[in-house]
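>>> return a 3D structure for these sequence lines:
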Amino acid sequence: MQLHKRDLVDAATAILDNYGIADLTMRRLARELNVSPGALYWHFANKQELLGAVADRILQPVADEPGDWRDRIVGVCTRLRDALLSHTDGAELVSASFAAGQSEAMTRIVAGLSSAAADAGVAAGHAELAARTVVYYVLGFTADEQSRLQWDAAGAELPDEQSALTDDAGERFGFGLDLLINGIGATETLSAAAAYSPRSRR
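Sure thing, here's the model as predicted:
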């Protein structure tokens with residue numbers, strides 16, 4: 001049977017969903033496909049490249065959003081969280097691939113968020129940093145969320161932490177995202193104020 005790259009990504013994604021990232025190894029993948037581990041390296045130079053391809057598969061539903069800069073950030077971040085939650089250990093895998101620079105999809109997502117930040121008035125040199133800060137929040141929040149879900153499914157006793165706002169994870173996520181967006185929006189307000197200050201009109 002001739003293997004195609006998409007076959008490897010399909011099988012790797014299935015292993016991730018069924019067993020988690022710890023079991024997603026080249027040896028396990030080769031066994032699932034009934035091939036020698038060496039056959040996998042015709043398609044992926046190393047495990048990092050494979051994980052990057054799986055990350056891109058996970059992130060396929062995350063597309064640029066229409067609307068103003070706020071709507072675009074909220075839309076992309078909401079879709080990103082949903083995509084991560086739809087796969088076992090999705091946040092951990094995508095975060096690792098992002099850190100290793102192996103995910104083309106994350107590069108595209110950061111570019112879209114950078115454009116939104118620039119439209120909000122963030123200086124060109126800081127727009128990507130603002131975008132990455134938002135992405136780090138989504139990845140970190142979702143990784144924590146998935147860890148708690150897994151511990152809960154295993155019947156572990158978790159600390160009874162009562163949120164000051166709500167026990168609903170979606171609402172907590174939205175609250176944190178609003179804080180970041182309001183911070184980005186402050187840049188827009190400061191830029192507008194500077195443009196109309198008496199000093200700027202001299």
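>>> drop to CA atoms for contacts and neighbour counts, all remaining ones
OK.
>>> quick check: the gap between residue 107 and residue 53.
Taken as CA to CA, to the nearest Å, the spacing of residue 107 relative to residue 53 amounts to 13 Å.
>>> more neighbours: which of the two?
Neighbour totals were compared for residue 107 and residue 53, and residue 53 leads with 26 against 12 (other CA atoms under 10 Å).
>>> does that one lie in a helix or a strand, and which?
Secondary structure here is read from DSSP states H and E; on that basis residue 53 sits in helix 47-58.
>>> shared neighbours of residue 107 and residue 53, which are they?
In terms of CA atoms under 8 Å, 6 or more residues apart in numbering, residue 107 and residue 53 are not both contacted by any residue.
>>> returning to what we had before: same question for the helix holding residue 53, mean pLDDT?
This predicted structure assigns helix 47-58 an average pLDDT of 97.
>>> can you point out the buried residues in it?
Across helix 47-58, burial judged by 16 or more other CA atoms under 10 Å covers 48, 49, 50, 51, 52, 53, 54, 55, 56, 57, 58.
>>> adding distance to residue 69 as columns, could you present those in JSON lines?
Putting the buried residues of helix 47-58 into JSON lines (distance: CA to CA, whole Å) gives the following:
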{"residue": "48", "distance to residue 69": "33"}
{"residue": "49", "distance to residue 69": "32"}
{"residue": "50", "distance to residue 69": "33"}
{"residue": "51", "distance to residue 69": "31"}
{"residue": "52", "distance to residue 69": "28"}
{"residue": "53", "distance to residue 69": "29"}
{"residue": "54", "distance to residue 69": "29"}
{"residue": "55", "distance to residue 69": "25"}
{"residue": "56", "distance to residue 69": "24"}
{"residue": "57", "distance to residue 69": "26"}
{"residue": "58", "distance to residue 69": "24"}
